[in-house]
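**Student:** Sequence and predicted structure below; questions after.
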Amino acid sequence: MASQAIIFRETKDGKGFYILLAVLGAFLALGALAFFNAEHHGHHVTGMNNQIVWGLPHVFAIGLIVAASGALNVGSIGTVFGKKIYQPMGRLSALLAISLLIGGLIVLVLDLGRPDRLIVAMTTFNFKSIFAWNIILYNGFLALSAVYIWTMMDRQVKGYYKMAGIAAFTWRLILTAGTGSIFGFLVARDFYNSAVMAPLFIVMSFAMGLAVFILVLHFAYSWTGRQLGNAVMNRLRYLLAVFIGGVLLLEAARHFTGLYIAQKAGVENFILFEGGVYTQLFWVGQILLGSLLPLSLIFCRKLVDNRVALLLAAAFTIVGGFAQLYVILIGGQAYPLTLFPGAEVSSDYFDGVINSYVPSIWELMLGLGGVALTLVMVTIGVKVLRFLPDSLSDAVADPHSK
Amino acid sequence: MNQNRVDEYRRNFMTALGGVAAVAAVAPSFVLQTAHAAGEVAAKPADQAVTDAKRWGMLIDVTKLTDGGAAMVAACKKEHGWGDEIHSDATQKAHWARVVKVTDKLTQNSFSLPVMCQHCENPPCVDVCPTGASMKRADGIVQVNKHTCIGCRYCMMACPYKARSFVHEHLIDQKAHSPRGIGTVESCNMCVHRVDNGQLPACVEAAPDAVTFGDLNDPNSTLSQTLKAIGGKQIRADLGLNTGVRYHGI
């Protein structure tokens, strides 16, 4: 655990707190409106259809779920690997993880065709389904993260701190492997169906989760007038670069093998070169803005200790992560199913053509509602409980940096 | 009410009862005779559970389908009432079956065939369904339990044949024998309501010369004998799903 010099304190009452809640509440209301609209009229009001069956809500949901497990990493590095400079941030890390997961799950659940049957999903399991496993993994993650927070906040159970941290860390790795495997086990679609999906999602979660953590940490400290030094932020800065590099490495491995395998060459060419919006999202969104730009902002010598550069790097990492998920989810479905390899197919039901998808405003509202819920949970969490160290200035954090 | 009227009612009732009994006695043989036209289907007693003694399947001879299967698709649509959704656009409407035209890129050889649920022995849709709503009956028919489907659409992501549809709106005027529902997934169920009654699936009846329906487990069934004699290919046989629907001439 961190030294006694670290004092945790709730955030103070203030006008800013209520303004923030009001803004987030507006987005929550829009999300609720989107849900009730689709629930009342049916999914024909969305842009999703019987060709693109998972759309923008799934991009948001999986983005938040992936970021959730990644957000826990900051705590895990302190607990599991004993890096002391990270330990004071463990509580926020676990709170953010829980909040992101609930935000993601609410989007996923409210987009179900029959959300009223959630109890069926919670009580009737087909254990051959990775989805059913994920329901258990998500709930287990919430429970373990809560226990982890408990061991950090209650001196009486301090003895279980390391054990809880290791359990949560192990669980989050399995959880994200499970999220990646949602796609990795789909034999039907050429763009998925690969064992690399599980590790890719794990590294993606490292990057997205840390990027979200950096932004939340910065704004939580700046808006509450607390000190946040460069010692902490520079650690996170270079860690972010490592994770972005990891994503690039696995993406390269995935696409090069895809191009090499004849069966996957068609969809790889589509995504990388001929896919219009998906190709642009891949090269411009994910690679240029989401990976190379953040790396440049992190490693540019003139931007050392520059907080704005780090915040921009984190923000663009999130943009890149969402672009990546959009390409994987929507791009993978836009490419037609291969019914007859080596033949051209056509029908009156969109066989053999690139499927079109335009997300509706309702889907965007639902997705943003999930993001808002996450931020509301974090905002209220740090307000009512002692999640945030009073100061993370260099003077406080640096002595713990080993 | 006087006694004569009571007797009249009694006579009418007894006459009607006799009529019903006569129809009940004759009808099964009539239905079976119809069924024999393109395969053997014996009615399953309603009080008996489905067993794996039979595995229902069909062979579609594409060379004998002059319309590429359009009549089969139309019969399916009429039987189950899909595709007439009012608010859904063309990409959102349900399609339990469709005619697909295939042209070999190298040889330009071309043919058309109806594509619907292939009733796999190892169905990916059943594997991925979190609640078990997507299920395979012991007799090989793959269908959706509408009571436990939560509308997650994972089965649609997993199906290599795009055979499943999600219902995007409230439905009216449904067929009593084929209930459908907003927010759930649906697909060809091999006309399970007809098969259990000893009838042929609607699509098979629509193309009796081109389609043979029957029991794949029975080596002596017309279906098995025909498959043995002329062969039957699977769509995406490389996936190893061992489909119950086979095609000749593709």
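**Tutor:** Nice, I can see it.

**Student:** for the spatially most central residue of chain B, helix, strand, or coil?
**Tutor:** Within chain B, one residue has its C-alpha closest to the average C-alpha position: by Cα atoms, centre = their mean, that is B:M190, at 1.7 Å. Under DSSP: H, G, I helix; E, B strand; the rest coil, B:M190 falls in the coil class.

**Student:** before we move on, what SS does whichever residue of the stretch 51-200 of chain A sits closest to chain B have?
**Tutor:** Nearest residue of the stretch 51-200 of chain A to chain B: A:G113, at 1.9 Å (Cβ to the nearest Cβ). In this view, the C-beta of every residue, glycine as well, is placed from N, C-alpha and C. State at A:G113, reduced to three classes by three-state DSSP: coil.

**Student:** Report the contact partners of it.
**Tutor:** A:43, B:149-153, B:166-167, B:182-185 (Cβ atoms under 8 Å, 6 or more residues apart in numbering or on different chains).

**Student:** related to what we said a few turns ago, skipping its backbone neighbours, what lies nearest the residue nearest to the centre of chain B in space?
**Tutor:** Among residues not flanking B:M190 along the chain, B:I141 sits closest, at 4.8 Å (Cβ to Cβ, 6 or more residues apart in numbering or on different chains).

**Student:** For the one you found, grab phi and psi.
**Tutor:** When read as degrees, to the nearest 10, the backbone of B:I141 gives phi -80, psi 130.

**Student:** I figured it hits B:H119, correct?
**Tutor:** Yes - judged on Cβ atoms under 8 Å, B:I141 makes contact with B:H119 at a distance of 6.1 Å.

**Student:** Same drill for the two, tell me which one is more crowded.
**Tutor:** Taking other Cβ atoms under 10 Å in any protein chain shown, B:I141 and B:H119 do not tie; B:H119 has more neighbours (28 against 24).

**Student:** now stretch A:303-323, how far from the centre of its chain.
**Tutor:** 15 Å (Cα atoms, centre = their mean, to the nearest Å).

**Student:** Give me the residues contacting that stretch.
**Tutor:** Here stretch A:303-323 makes contact (Cβ under 8 Å, 6+ apart) with A:59, A:63, A:66-67, A:204, A:207-208, A:210-212, A:214-215, A:218, A:230, A:233-234, A:236-237, A:240, A:244, A:281-282, A:285-287, A:289-291, A:293-295, A:297-298, A:300.

**Student:** Pull out the buried residues from the residues you listed.
**Tutor:** Buried residues within these, counting neighbours by 16 or more other Cβ atoms under 10 Å in any protein chain shown: A:59, A:63, A:66-67, A:204, A:207-208, A:210-212, A:214-215, A:218, A:230, A:233, A:236-237, A:240, A:244, A:281-282, A:285-287, A:289-291, A:293-295, A:297-298.

**Student:** any weak-confidence spans in the chain?
**Tutor:** I'll assume chain A. Residue ranges of chain A with pLDDT under 70: A:1-4, A:399-402.

**Student:** You answered for a different chain; I wanted chain B.
**Tutor:** Those would be B:1-6, B:8-11, B:13-39, if you go by pLDDT under 70 across chain B.

**Student:** how close does the residue of it found nearest chain A sit to A:G104?
**Tutor:** Nearest residue of chain B to chain A, counting by Cβ to the nearest Cβ: B:G151, 1.9 Å away. In this view, B:G151 and A:G104 are 18 Å apart by Cβ to Cβ, to the nearest Å.

**Student:** Compare those two (neighbour count), which wins?
**Tutor:** The neighbour comparison of B:G151 against A:G104 (other Cβ under 10 Å) goes to A:G104, with 27 against 21.

**Student:** Contact partners for the closest residue in space to A:L20 that isn't next to it in sequence?
**Tutor:** Excluding the flanking residues, the one nearest A:L20 by Cβ to Cβ, 6+ apart is A:T379, at 5.8 Å. By Cβ under 8 Å, 6+ apart, A:T379 lies in contact with A:17, A:20-21, A:24.

**Student:** nearest to chain B, of these?
**Tutor:** Chain B lies nearest to A:L24 out of the contacts of A:T379, by Cβ to the nearest Cβ, at 27.5 Å.

**Student:** That closest one: neighbouring residues, count only.
**Tutor:** Residues lying near A:L24 (other Cβ under 10 Å) number 22.

**Student:** is any part of stretch A:339-355 close to chain B?
**Tutor:** Yes - against chain B, stretch A:339-355 shows contacts by Cβ under 8 Å from any Cβ of the partner chain at A:339-351, A:355.

**Student:** now the strands: where do they sit in the stretch 1-150 of chain A?
**Tutor:** All strands of the stretch 1-150 of chain A, identified by DSSP state E, counting those that start in this stretch, fall at A:8-9.

**Student:** Repeat that for the stretch 151-300 of chain A.
**Tutor:** Going by DSSP E, counting those that start in this stretch, the stretch 151-300 of chain A shows strands at A:227-228.

**Student:** quick one: what helix or strand has B:Q48 in it?
**Tutor:** Following DSSP states H and E, there is no helix or strand that holds B:Q48.

**Student:** I meant B:I172, not that one.
**Tutor:** Following DSSP H and E, there is no helix or strand that holds B:I172.

**Student:** what do you get for A:V345?
**Tutor:** strand A:343-347.

**Student:** and the stretch 251-400 of chain A, which of its residues are near chain B?
**Tutor:** Proximity of the stretch 251-400 of chain A to chain B, by Cβ under 8 Å from any Cβ, involves residues A:333, A:337-351, A:355-356.

**Student:** now those residues: which count as buried?
**Tutor:** Neighbour counting with 16+ other Cβ under 10 Å marks A:333, A:337-340, A:343, A:345, A:347, A:349-351, A:355 as buried within those.

**Student:** Tabulate these (CSV), appending secondary structure.
**Tutor:** Below are those laid out as CSV (three-state DSSP):
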residue, secondary structure
A:Q333, helix
A:L337, coil
A:T338, coil
A:L339, coil
A:F340, coil
A:A343, strand
A:V345, strand
A:S347, strand
A:Y349, coil
A:F350, coil
A:D351, coil
A:N355, coil
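
**Student:** which two from those residues end up farthest apart in space?
**Tutor:** Longest distance between any two of those is 20.8 Å, between A:Q333 and A:A343; criterion Cβ to Cβ.

**Student:** can you pull out the helices in the stretch 101-250 of chain A?
**Tutor:** Secondary structure of the stretch 101-250 of chain A (DSSP state H, counting those that start in this stretch): helices located at A:118-123, A:130-153, A:161-184, A:197-223, A:230-260.

**Student:** cool, chain B as well?
**Tutor:** Here chain B has its helices, by DSSP state H, at B:3-35, B:70-80, B:124-128, B:154-158, B:192-195, B:202-206, B:222-230.
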